[in-house]
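**Q** Okay, here's the prediction I keep looking at, along with the sequence it came from:
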Amino acid sequence: MPETSSSPLWLLFTLTTVVSWGLYGILLHTGQLAMGDPIHGRTKAFLIVGVAYFLTAVLMPVALLWFGGADWSFPSKGLWWSLAAGILGAIGALCVLLAFGAKGHPVTVMAIVFAGAPIINAFVAIGMHPPAGGWGSLRWEFILGIILAAGGGTLVTLYKPPATPPAKAVTAVPPAPVAPSTNP
C-alpha cells in the first residue's frame, strides 16, 4: 500500500496537479498559435508562462511565508536543489514549446511527457532513496506499473485520433459579366 497521510488533502492537491498539467500542453499550444506570430509565437508564449510562474510561484509563496510567520533563511543545500528543480521545470516547458514548433502534435508530445516523466522519476527516486533490500526487493506491481506507463504512452502516441483536416479556403468566383442592354 502507498504511504499517504490519512487526510484526503494530498489526493485533492495531487488531482489538481493532474488536471493542471493535463491542460498545460494543449493550452500552451493554443496560446502559441494565438500569438499570431509563426516565428516568435513560441517565445512569446513562453514569456507569458514565465510571467504566470512569477505570479504563482513567487508572489504566492512570499505571501504564504509572510503571513505564516516563516523565517527567511534558505539553507544552501535546499536552495540549490530547489533552483535545479526550477531550471529543469523551465527547460521542460521550453522544450514542450520547441516540440510543438517542430510540428509535434500536442496529444503526442504530452503523452510522451506524461508517460515518460513518471518513469524517470521512479528510477531516479529509487536511485537516490533505495528501497530496503535494494533493487531486487521491488514488487512486481511496481514493475508492471512502469511497463503499463510506457505502454500507455506508446499507445496514446501511436493511435491518437486523426486531426481534422483544415477547411479548404473557398475562393470567391467573380460574377459573370452582364451584357449591356440594347433596349432604349
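**A** Happy to help now that I have it.

**Q** can you map out the helices along the protein?
**A** Secondary structure of the chain by DSSP state H: the helices cover 9-34, 41-54, 60-68, 76-101, 106-128, 140-158.

**Q** and of these, who's closest to residue 164?
**A** helix 106-128 (12.8 Å; C-beta to C-beta). To be clear about C-beta, it is placed using only N, CA and C from the backbone, and glycine gets the same treatment.

**Q** in the closest one, what's buried?
**A** Residues of helix 106-128 classed as buried by neighbour count (16 or more other C-beta atoms under 10 Å): 106, 107, 108, 109, 110, 111, 112, 113, 114, 115.

**Q** swap in stretch 94-106?
**A** Buried residues in stretch 94-106 (16+ other C-beta under 10 Å): 96, 97, 99, 100, 101, 104, 106.

**Q** returning to that earlier point: dump the helices of the chain to JSON lines, plus mean pLDDT.
**A** Shown next, in JSON lines, are these (pLDDT from 0 to 100):
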{"stretch": "helix 9-34", "mean pLDDT": "88"}
{"stretch": "helix 41-54", "mean pLDDT": "92"}
{"stretch": "helix 60-68", "mean pLDDT": "95"}
{"stretch": "helix 76-101", "mean pLDDT": "91"}
{"stretch": "helix 106-128", "mean pLDDT": "90"}
{"stretch": "helix 140-158", "mean pLDDT": "92"}
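
**Q** Taking the buried residues of helix 106-128, tell me the two that lie furthest apart.
**A** 106 and 115 (14.3 Å).

**Q** Which residues outside stretch 108-116 are in contact with it?
**A** Identification of contacts with stretch 108-116 by C-beta atoms under 8 Å, 6 or more residues apart in numbering yields 21-22, 24-26, 92, 96, 99-100, 149-150, 152-154, 156-157, 160.

**Q** Okay, domains of this structure per the record?
**A** Domain ranges of the chain: 13-104, 105-159, per automatic domain parsing.
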